[in-house]
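Undergrad: Could you work out the structure for the sequence below:
(chains A, B and C)
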Amino acid sequence: MIVHVAEYLAWIISALLAAWMVFDAAKVSREHPEEFLTTSVEGTDELLTSPAAERALDPKEERS
Amino acid sequence: MTSVVPGNPSPEEVRPAAESHGDKSHLALKKVLGPAHIWGLGVGIVLVGEYMGWNFSVQKGGMFGALIAAWVVGVLYTCVAMIDSEVTSTVAAAGGQYTQAKHMIGPLMAFNVGLFLVLEYTMLEAADANVMSYLVSTIANHLGYTGDVNQYAFIILAIMVLAFLNYRGVLATLSINMVITAIAAIAIVVLFVSTQGWNPDAQLHFHGLVSSQANALPYGWLGVLAAFQFGMWYYLGIEGTCQAAEECRSAARSIPLGTMTGIITLLMAAVLTWYVCAGTLPWQYLGVSITPLFDTALVNAGGAVATLLALGTVFATLASANGCINDASRAWFSMGRDNYLPAWFGAIHPRYRTPFRAILFLVPVAIAFAILPVLLNKPELLATVITFSILSALLMYSFMVPNMFRFRKLWPVGVLHRGYTHPLHPVPAITLAVIAALVLFATFLGYGTTLVTLVIFYLLASIWFVLFRYKYVRRGQQFTMPWPRPKGY
Amino acid sequence: MSVDSAAGGTGSYVPPKQSRRGQVFDSVFILALLFAVLFGVTYYSNSAAAPTTSTAKPLGQLPITQIERQQYQRAIDEGLVDLKGVNDQVIASTPKSGSKQYPISPVALLVTFAVIAGYLLFVFLMSFREYREVIRERFGPPGATPSPSTPRRGAA
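TA: Prediction:
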């Protein structure tokens, strides 16, 4: 019955995706130090800052 | 800007972006989104409300009740969009309203707003997944299958696939989201055209409405007020555009443009939806229908149009769940980054540049919300989950009012470069306050107990935060915007 | 971090580092609280079952308009609903007389209002207190000259 096949497929795909994500997350956490993974800084958009603030901002600040 | 499809990253993307910056290395979310993605994110979360959900306002207040709700709640959301456009185009950070609260009101409010966001979206996602499994069994039945379809399998599959997509990168996720949202939106216009909506006597019939008041406003004006609660479905989630601010190429341009075109799309979709449905289905039926737009297409047009609307229903549901995963994880991530929640959640994937732990952590939570009503055979639980979602959003809108006033007071126009400055300043904020209070009253009429318990939950969570959690939060450093000292402090 | 030096002034607050166990506990705690409330309210508020009927009247005998009869007929033809379903819907949507449709209990309204007001009051007052602390640490004591890395105001 096609519906049963679909159900089994759904279970299998879900399990594979879940396993991959958990595995990948564990791998990333193992390979990189926690200090590096949590280094993100709340975003600044270049249009938003006032001129004074621009000057005050660290010039080496990453702008992408 | 290189566009990256998951699974096929270009060499420079594989390398963490930070490595090229010497020892000052930090990861950042990927800045790749444009206005069209923001439109897709905002409309995508919401449009499912046109395909299902809004029509419960017909049950509460009749056809005209639902239409008045569409207008009044439409005004509420126009105010929300205006306020969000101004504040978020200036506070360009993931976390959206949470980050706004941190900079304008204070830490405890930020914690609450963060929770509002996470609950609003995660619970909406659970409702979407539930609807999706219902659609699968409906389609199976249409194909001649008579047995029961295992609901768990498809609820979990939907959440998993979307979480996987979100995990692998924001650009592909929101590009797909934009396309399926556009198809779902166009489907509504096609339905309007196919029913010759411009000619009200051709296929649509409004005589039943206008001939007697008992038919159009069966429960009087109190019913109209009660309808506001479900009128929220027409637009609930448009404020989610703010969560993507940190991933826009230029938030100052994308957020206002995407949010404003989004609310315009939704206002049109809302009245078109009401119009074709009200002209086709009897209000007693419409008020309890699960897929009103599809039913309308089936009765009025059939064939290809009905198929398109079925497709639109599935797409709208997927887009909504997708956007919810995106937004809930950004809020959860931002709170982790500031230590409002465990710092572990504030991590970014070095390759995909997504908040991967927040995405992953919320998967079982969403599944629990979606599956427990089925597992325990308690459909009321799903209603509670949905009401929690709406109410969390409402509490957030009531926060946005003082937030707006303080934003203009602490940093008057001219002090900061705003990406967008909305007109008529106190009017939108005051209008928002009044209508949000009306909708809270409408919720009291329908779900009084749920309302009180939810507020008690947030109160308990707040007390916990003050007593046990705030000590882990850095004080001065959580104010991250490069702004001058707020006026009066 | 670019704002590290901004805290600059004296006595900036250094939070303790949370242990991994503490992190797990906090994540679980907030969810457990949520689910407890969710189940509490669901099991406490028992919803009334929708009224149903055992005998289904034909469309012609139901108290609905002629147009609605036609529309219902088409919905039945398309298999969206059966005659019994139509009867249930019409009965369920018949307005109850007077204030029974949306009864308002003044006590419940008052309690709801008090709870919401109390909650908002607590959150706002506490937030403003914490906010003052944040601003003081970020920009230094009020009236003081801003530290070099602190953006000056009125720049635009």
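
Undergrad: Measure how buried residue 36 is and give me the count.
TA: In the absence of a named chain, this looks at chain A. 17 (other Cβ atoms under 10 Å in any protein chain shown). C-beta here means a position set from N, CA and C on the backbone, and glycine is covered the same way.

Undergrad: sorry, should have said chain C
TA: Neighbours around C:Ala36, by other Cβ under 10 Å: 12.

Undergrad: The helix ranked longest in chain C and chain A, are they touching?
TA: The single longest helix within chain C, with elements called by DSSP state H, is helix C:106-139. No - Helix C:106-139 lies out of reach of chain A by Cβ under 8 Å from any Cβ of the partner chain, never closer than 11.7 Å.

Undergrad: Any part of that helix near chain B?
TA: Yes - contact of helix C:106-139 with chain B (Cβ under 8 Å from any Cβ) involves C:108-109, C:111-112, C:115-116, C:118-120, C:122-124, C:126-139.

Undergrad: Could I have the PyMOL command that selects the buried members from those?
TA: Selection of the buried residues among the residues of helix C:106-139 next to chain B in PyMOL, burial being defined by 16 or more other Cβ atoms under 10 Å in any protein chain shown:
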select buried, chain C and resi 112+115+116+119+120+122+123+124+126+127+130+131+134+135+136+137+138+139
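
Undergrad: mind giving me the domain split of chain C?
TA: C:19-48, C:52-95, C:104-141 (automatic domain parsing).

Undergrad: mind putting these in CSV, mean pLDDT included?
TA: Shown next, in CSV, are those (pLDDT from 0 to 100):
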stretch, mean pLDDT
domain C:19-48, 84
domain C:52-95, 86
domain C:104-141, 94
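
Undergrad: Figure out which of the ones you listed is closest to B:Ile367.
TA: domain C:19-48 (12.7 Å; Cβ to Cβ).

Undergrad: Which helix runs longest in chain A?
TA: Max-length helix for chain A by DSSP H is helix A:2-31.

Undergrad: So which elements touch it?
TA: Under the contact definition 3 or more Cβ pairs under 8 Å, 6 or more residues apart in numbering or on different chains; DSSP states H and E, helix A:2-31 sits against helix B:151-168, helix B:356-375.

Undergrad: Okay, buried residues for the helix or strand just after the shortest one please.
TA: The one in question is helix B:151-168. The element immediately downstream of helix B:151-168 (helix or strand, assigned by DSSP states H and E) is helix B:170-194. For helix B:170-194, the neighbour count (16+ other Cβ under 10 Å) marks B:170-178, B:180-185, B:187-188, B:190-192, B:194 as buried.

Undergrad: now stretch B:261-270
TA: Quick answer for stretch B:261-270 (16+ other Cβ under 10 Å): B:Thr261, B:Gly262, B:Ile263, B:Thr265, B:Leu266, B:Leu267, B:Ala269, B:Ala270.

Undergrad: These in helices, which ones?
TA: Within the buried residues of stretch B:261-270, residues falling in helices by DSSP H are B:Thr261, B:Gly262, B:Ile263, B:Thr265, B:Leu266, B:Leu267, B:Ala269, B:Ala270.

Undergrad: hang on, the earlier thing: remind me what the longest helix of chain C packs against, helices and strands.
TA: helix B:107-142, helix B:426-464.

Undergrad: Between the ones you listed, which has the poorest mean confidence score?
TA: Mean pLDDT values for the helices and strands packed on helix C:106-139 show the minimum at helix B:107-142, a mean of 90.

Undergrad: buried set for that one?
TA: Using 16+ other Cβ under 10 Å as the test for burial, helix B:107-142 gives B:107-138, B:140.

Undergrad: near chain C too, which of these?
TA: B:Pro107, B:Leu108, B:Met109, B:Ala110, B:Asn112, B:Leu115, B:Leu119.

Undergrad: ok, the residues you listed vs chain A, which is closest?
TA: Using Cβ to the nearest Cβ, B:Ala110 is the member of those that lies nearest chain A, at 12.1 Å.

Undergrad: From chain B, how far off is C:Thr65?
TA: 5 Å (Cβ to the nearest Cβ, to the nearest Å).

Undergrad: pLDDT at the closest residue to B:Leu438 other than its chain neighbours, what is it?
TA: Excluding its sequence neighbours, the residue lying closest to B:Leu438 (Cβ to Cβ, 6 or more residues apart in numbering or on different chains) is B:Phe228, at 6.0 Å. With respect to pLDDT, B:Phe228 scores 95.

Undergrad: Which helix or strand contains B:Phe228?
TA: Taking DSSP H and E as the definition, B:Phe228 sits inside helix B:220-231.

Undergrad: which outside residues touch that helix?
TA: If you take Cβ atoms under 8 Å, 6 or more residues apart in numbering or on different chains as the criterion, helix B:220-231 is touched by B:53-62, B:64-66, B:68-70, B:72-73, B:217, B:219, B:390, B:438-439, B:441-443, B:445-447, C:101-102.

Undergrad: where in the chain is pLDDT low?
TA: As the question left the chain open, I've gone with chain A. Along chain A, segments meeting pLDDT under 70 span A:43-64.

Undergrad: oops, I was thinking of chain B
TA: In chain B, residues with pLDDT under 70: B:1-25, B:208, B:210-213.

Undergrad: The domains of chain C into JSON lines, with extra columns for distance to B:Asn377?
TA: Converted to JSON lines, these look like this (distance: least, Cβ to Cβ, whole Å):
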{"stretch": "domain C:19-48", "distance to B:Asn377": "12"}
{"stretch": "domain C:52-95", "distance to B:Asn377": "19"}
{"stretch": "domain C:104-141", "distance to B:Asn377": "29"}
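
Undergrad: and stretch B:383-395, which residues are buried?
TA: So for stretch B:383-395, counting by 16+ other Cβ under 10 Å, buried means B:383-395.

Undergrad: Please list the outside residues in contact with that stretch.
TA: B:112, B:115-117, B:119-121, B:123-124, B:126-127, B:229, B:232, B:236-237, B:239, B:369, B:373, B:436, B:439-440, B:443, B:447, B:450-451, B:454-455, B:458, C:38, C:41-42, C:47.

Undergrad: what about dumping the CA coordinates of it to PDB?
TA: The C-alpha atoms that make up stretch B:383-395 are tabulated as PDB, following Å, rounded to 0.1, in the frame of the first residue of the first chain:
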ATOM      1  CA  ALA B 383      -6.200  25.000  20.800                       C
ATOM      2  CA  THR B 384      -4.300  26.000  23.900                       C
ATOM      3  CA  VAL B 385      -1.000  25.800  22.000                       C
ATOM      4  CA  ILE B 386      -2.400  28.100  19.300                       C
ATOM      5  CA  THR B 387      -3.900  30.500  21.800                       C
ATOM      6  CA  PHE B 388      -0.500  30.700  23.600                       C
ATOM      7  CA  SER B 389       1.000  31.600  20.300                       C
ATOM      8  CA  ILE B 390      -1.400  34.400  19.600                       C
ATOM      9  CA  LEU B 391      -1.300  35.700  23.200                       C
ATOM     10  CA  SER B 392       2.500  35.700  23.200                       C
ATOM     11  CA  ALA B 393       2.400  37.800  20.000                       C
ATOM     12  CA  LEU B 394      -0.200  40.200  21.600                       C
ATOM     13  CA  LEU B 395       1.900  40.700  24.700                       C
END
